[in-house]
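# Predicted model follows, preceded by the sequence.
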Amino acid sequence: MSASAVFVLDLKGKVLICRNYKGDVDMSEIDHFLTLLMQQEEEGLLCPVISHGSVHFMWIKHSNLYLVATTNKNSNASLVYAFLYKLVEVFTEYFKELEEESIQDNFVVVYELLDELMDFGFPQTTDSKILQEYITQEGNKLEVAKTKVPTTVTNAVSWRSEGLKYKKNEVFIDVIESINVLVNANGSVMSSDIVGSIKLKTMLSGMPELRLGLNDRVLFALTGRDKGKTVAMEDVKFHQCVRLSRFESDRTISFIPPDGESELMSYRINTHVKPLIWIESVIEKFSHSRVEIMVKAKGQFKKQSVANNVEVRVPVPSDADSPKFKTSTGHAKYVPEKNLVVWTIKSFPGGKEFLMRAHFGLPSVENDEMEGKPPITVKFEIPYFTVSGIQVRYMKIIEKSGYQALPWVRYITQSGDYQLRTNA
């Protein structure tokens, strides 16, 4: 079972807009929601599902809004939450920013979307590209001949329109991997993993069938080919266009792609990752006078690769003043509102080492030592490189008209949650 009704509330609990899908829950029940929420907040027991009698509220907060679904049955909570987050995604696609003002300015469109997104409490068409074909933000004159729902909505392939035509047929594949690393003050890697996603930009005519081949360890084991580097992917999630039964039987990623940009799949690789940019830091505090910081950054990746837009963020005491910097490359600046020194290096080749020194004055008044020891964080992006070694082995494009299409592949590695703890 799914949702009985969906509400959008402001921060005071006032209903901005709502849609009753099943009529089995009294709409006035929503009046209890904010009171119960505040009560839980005060007790420190905030819960994603709040109950009042036989009615359950499943809610999320976005910007200055609460999105709440009600039900009195034992509903599939994960389905309802996935729908609420999809609702945020669709509204953001339509209105750029989802907040109280954008709901008030677009009541008619929001009502139309709530009608199309869910029917009798079950999610229906949730693809914003398809919805935009017939729910527009321009005023419409009523012309009977034009009140036709796009066939996409009733098709088996609800994410792609028919009759698409391109002069040049191309597919751009982006393999993007984010590295999450936590290094302790002694230089030992405490936790690390890789979160990857494969994104597509499809410009193909007709209804093509695509097959994507990766160096997937399970596939190579199934087929008995154990040549070269393979990758063991976990927590694999696919776009709805991928035929899951086919993937489960022979690990083939086969699909009819959505038009334009989409995320085909995401995955996680739980492996020991050597930090690509290694940071050594010495932070010396001389009480009542100054703090001196020395940071050394080393690129621990292939010499032919280059990290772009590297940012090393070094925490400093909140009462530091009169900064002075010296860097072997790039430039450093003090960001007082965040208590950080941000060292920016536009281009960081592999195997190279760079140094940054900073000097700050400290007031003579003793600062309370309750600030803790925030870690150094690093941001970067390395094109044409993947840490896991994942590779797109092939992309087959099959279309009944038999046209030739070009697949383009690009690999990018970037920092995710990349933290190095300090002694100071």
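Here it is on my side, so go on.

# What average pLDDT does stretch 11-27 get?
Taken as a whole, stretch 11-27 carries a mean pLDDT of 94.

# for that stretch, the distance to its chain's centre please.
Chain-centre distance of stretch 11-27: 29 Å, with Cα atoms, centre = their mean, to the nearest Å.

# Skip ahead from the helix or strand of the chain with the lowest mean pLDDT and say which helix or strand is next.
Across the helices and strands of the chain, mean confidence by mean pLDDT, DSSP states H and E is lowest for helix 151-154: a mean of 57. Heading C-terminal from helix 151-154, the first helix or strand you meet, by DSSP states H and E, is strand 170-183.

# Go ahead and confirm Asp70 touches Val55.
Check again: residue 70 is Thr, not Asp. Yes: look at Thr70 against Val55 with Cβ atoms under 8 Å: they come within range, at 5.8 Å. Placement of C-beta: from N, CA and C, glycine included.

# Show me the common contact partners of those two, please.
Each of 25, 29 lies in contact with both Thr70 and Val55 under the rule Cβ atoms under 8 Å, 6 or more residues apart in numbering.

# So between the two, which is more surrounded?
More neighbours surround Thr70 than the other of Thr70 and Val55, with 28 against 19 (other Cβ atoms under 10 Å).

# For the stretch 201-350 of the chain, just list every one of the helices.
Ranges of helices within the stretch 201-350 of the chain are 217-223, 244-250, based on DSSP state H, counting those that start in this stretch.

# Check those helices for me and report the most buried one.
helix 217-223 (a mean of 14; mean count of other Cβ atoms under 10 Å).

# Show me what secondary structure element comes after the helix or strand Ile382 falls within.
Element membership for Ile382 (DSSP H and E) is strand 376-383. Moving toward the C-terminus from strand 376-383, the next helix or strand (DSSP H and E) is strand 392-398.

# Using CSV, write down the CA coordinates of that next one.
Only the C-alpha atoms of strand 392-398 are listed here, as CSV (Å, rounded to 0.1, in the frame of the first residue of the first chain):
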residue,chain,number,x,y,z
VAL,A,392,33.9,0.8,-20.5
ARG,A,393,34.9,-2.2,-22.7
TYR,A,394,32.2,-1.5,-25.3
MET,A,395,28.9,0.3,-26.0
LYS,A,396,26.8,-1.3,-28.7
ILE,A,397,24.0,0.8,-30.3
ILE,A,398,21.4,-1.2,-32.1
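
# Next, Lys199: secondary structure please.
strand (DSSP: H, G, I helix; E, B strand; the rest coil).

# from what I can see it touches Met265, true?
No: Lys199 is beyond contact range of Met265, at 9.2 Å (criterion: Cβ under 8 Å).

# Looking at these two, which one has more neighbours?
Met265 (20 against 17).

# which residues does the more buried one contact?
197-198, 236-239, 242, 253.

# right, and out of those residues, which lies closest to Leu420?
Nearest to Leu420 among these is Ser197, at 24.8 Å by Cβ to Cβ.

# doesn't Asp235 make contact with the closest one?
No: using Cβ under 8 Å, Ser197 is not in contact with Asp235, being 11.6 Å away.

# joint contacts of these two?
Residues touching both Ser197 and Asp235 by Cβ under 8 Å, 6+ apart: 266-267.

# okay, those two: which has more neighbours?
The neighbour comparison of Ser197 against Asp235 (other Cβ under 10 Å) goes to Ser197, with 15 against 11.

# hey, what's that one bridged with?
Residues in a beta bridge with Ser197, per DSSP bridges, are Ile176, Ser266.

# Run through the residues that contact it.
By Cβ under 8 Å, 6+ apart, the residues touching Ser197 are 176, 263, 265-267.

# so how far is Tyr85 from it?
Ser197 sits at a distance of 17 Å from Tyr85 (criterion: Cβ to Cβ, to the nearest Å).

# Backbone torsions only: list them for Glu93.
Torsion angles at Glu93 (phi, psi; degrees, to the nearest 10) stand at phi -60, psi -40.

# got the contact list for the nearest residue to it once chain neighbours are set aside?
Spatial nearest neighbour of Glu93, excluding adjacent residues (Cβ to Cβ, 6 or more residues apart in numbering): Ser128 at 4.0 Å. Counting by Cβ under 8 Å, 6+ apart, Ser128 touches 89-90, 93-94.

# Identify the farthest-apart pair in those.
Glu89 and Tyr94 (9.9 Å).

# more neighbours, those two?
Counting neighbours by other Cβ under 10 Å for Glu89 and for Tyr94 shows that Tyr94 has the greater number, 19 against 13.
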